[in-house]
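Enquirer: Any chance you can model this:
(4 chains)
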Number of protein chains: 2
Amino acid sequence: MALRHAVLAALLDGEYSGYQLTKIFDIGVSNFWYAAPQQLYAELTKLEADGLVTGREVVQRGRPNKRVYTVTEAGLGELAAFAATPAKPLLIRDDLAVKVHAVDLLDPAPVIEQLHDRAMEAAAKLEVFEQLLLRLRGELDEETFLRQAEHIGPYLSCLAGCRLERETRAWCLETARTLGERMARTGRETP
Amino acid sequence: MALRHAVLAALLDGEYSGYQLTKIFDIGVSNFWYAAPQQLYAELTKLEADGLVTGREVVQRGRPNKRVYTVTEAGLGELAAFAATPAKPLLIRDDLAVKVHAVDLLDPAPVIEQLHDRAMEAAAKLEVFEQLLLRLRGELDEETFLRQAEHIGPYLSCLAGCRLERETRAWCLETARTLGERMARTGRETP
DNA sequence: TGAGGCATGTAATTTGTTACATGATTAT
DNA sequence: ATAATCATGTAACAAATTACATGCCTCA
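Expert: Prediction:
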């Protein structure tokens, strides 16, 4: 079980509803985990049934009510046990890299386009992450913050996200340029 | 279908058996895809049934015979169609980052240990990747190679792997140091 | 003689994904 | 009116993980 822990970790930052978590997993936590909305709703239900989180109905005006969740003591215990267990290797699955790997025998044009798209997405994410870092550390500079603040977990994981997005952007642009120049030189695309 | 394309792309580099592919997916292709051995055997069987690869029995002395696979024309067509299709976002699932995200409420000691382990794995992979780059480009320097060689796909995807591993190593070491210093300062671990 | 690499799977279970479904409110 | 955002799911299907199973050969 794995999504379970990602959800628990995300809920440490505050009370969130399923819907809010989908947003967080879409941009923030996408940092280190991906999950579809339906997975999150299902997992929250299971987590509550297992007593690892507690839900609380929040009545809203002007929009549908929502159910927000908090990690329980048992949930914290589950996380502690998880943290003490050896980490599984990073799971990565990248469509675009597969295409680049095979690009020699393929039409590079659509691949180049996708590289540009990915570069722009990475740049956008990077900006979001950097804003988040600023918000988290407030007045302090990074070094001071990391030395003195109580809650640095989200900051540290966000730093990983920044690194990933920065490198992604750079690699995509570089690769697109390389492929583009070769295309221009040979004049033609499909082999 | 996705693993399918990763396998086809890997098989463009040469004829491989299921067992060899497990090695490649463990270190080389781990670059952009992860798959368990059983998945690979199953996928190769399906790919052959669908006519996207052809298998060939290779009799060996001193070790069991193996079946090696080559991409067919139809397989290449499948890859071409795949490459022309919009890329799905990068899928990432990182246990260790989840732990770091939650570290404020947990015992940091095992997390720090895992960060060191991960850093060493990353360094090892980085070395493998850099050796691979050297082997691929032969005499040429990178720029010349990327301009002139026919087959640059594997080189380009390997560059992405290098970036990832380099950043992983740096982030792990930095994060471990930060957490370690805080532990030393507070003297105590679990909150 | 036992560990470890080579080589290939099956079967059961757990996860994840896709498509579908619903319904309210707000902004355009 | 219509689209977008908020909000939460179910059901069917596809994929991945885990555990198990087999058997040969080499090297220590």
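Enquirer: distance of the nearest residue to residue A:176 once chain neighbours are set aside from residue B:106?
Expert: Excluding the flanking residues, the one nearest residue A:176 by CB to CB, 6 or more residues apart in numbering or on different chains is residue A:115, at 4.0 Å. Where you see a C-beta, it was placed from the backbone N, CA and C, and this is true even at glycine. In this view, residue A:115 and residue B:106 are 38 Å apart by CB to CB, to the nearest Å.
Enquirer: So those two - more neighbours on which side?
Expert: The neighbour count for residue A:115 versus residue B:106, taken as other CB atoms under 10 Å in any protein chain shown, is higher for residue A:115 (27 against 24).
Enquirer: Could you check the pLDDT of the more buried one?
Expert: For residue A:115, the model assigns a pLDDT of 97.
Enquirer: swap in residue A:89?
Expert: On pLDDT, residue A:89 comes in at 87.
Enquirer: these two touch, right, it and residue B:124?
Expert: No. Assessed by CB atoms under 8 Å, residue A:89 is found out of contact with residue B:124, at 11.9 Å.
Enquirer: show me what contacts the residue nearest to residue A:176?
Expert: For residue A:115, the contact set (CB atoms under 8 Å, 6 or more residues apart in numbering or on different chains) comprises A:96, A:100, A:172-173, A:175-176, A:179.
Enquirer: Restricted to helices, list those residues.
Expert: Cross-referencing those against helices under DSSP state H gives A:96, A:100, A:172-173, A:175-176, A:179.
Enquirer: quick check, nearest of the residues you listed to residue B:67?
Expert: If you rank those by distance to residue B:67 using CB to CB, residue A:100 comes first, at 28.0 Å.
Enquirer: Count the neighbours of that closest one for me.
Expert: Counted with other CB under 10 Å, the neighbours of residue A:100 add up to 34.
Enquirer: Please, where are all the strands along chain A?
Expert: A:16-17, A:53-58, A:66-71, A:91-93 (DSSP state E).
Enquirer: could these be laid out in JSON lines, adding distance to DNA strand D?
Expert: Compiled in JSON lines, the strands of chain A are given as follows (distance: least, CB to the nearest atom of the strand, whole Å):
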{"stretch": "strand A:16-17", "distance to DNA strand D": "4"}
{"stretch": "strand A:53-58", "distance to DNA strand D": "8"}
{"stretch": "strand A:66-71", "distance to DNA strand D": "3"}
{"stretch": "strand A:91-93", "distance to DNA strand D": "6"}
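Enquirer: can you list those in TSV and add mean neighbour count?
Expert: Formatted as TSV, these follow (neighbours: other CB atoms under 10 Å in any protein chain shown):
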stretch	mean neighbour count
strand A:16-17	20
strand A:53-58	14
strand A:66-71	19
strand A:91-93	17
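Enquirer: DNA strand D contacts on chain A?
Expert: Taking CB under 7 Å from any atom of the strand as the contact definition, chain A meets DNA strand D at A:17-20, A:22-23, A:37-38, A:41-42, A:44-45, A:60, A:63-67, A:91, A:93.
Enquirer: ok, and the most crowded of the contacts of residue A:115?
Expert: Neighbour max across the contacts of residue A:115 (other CB under 10 Å) = residue A:100, 34 neighbours.
Enquirer: Got a quick PyMOL command for the buried subset of the residues of chain A next to DNA strand D?
Expert: For selection in PyMOL, the members of the residues of chain A next to DNA strand D meeting the burial criterion (16 or more other CB atoms under 10 Å in any protein chain shown) are listed in this command:
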select buried, chain A and resi 17+18+20+22+41+44+66+67+93
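Enquirer: low pLDDT regions in chain A?
Expert: Counting by pLDDT under 70, the ranges of chain A that qualify are A:27-30, A:187-191.
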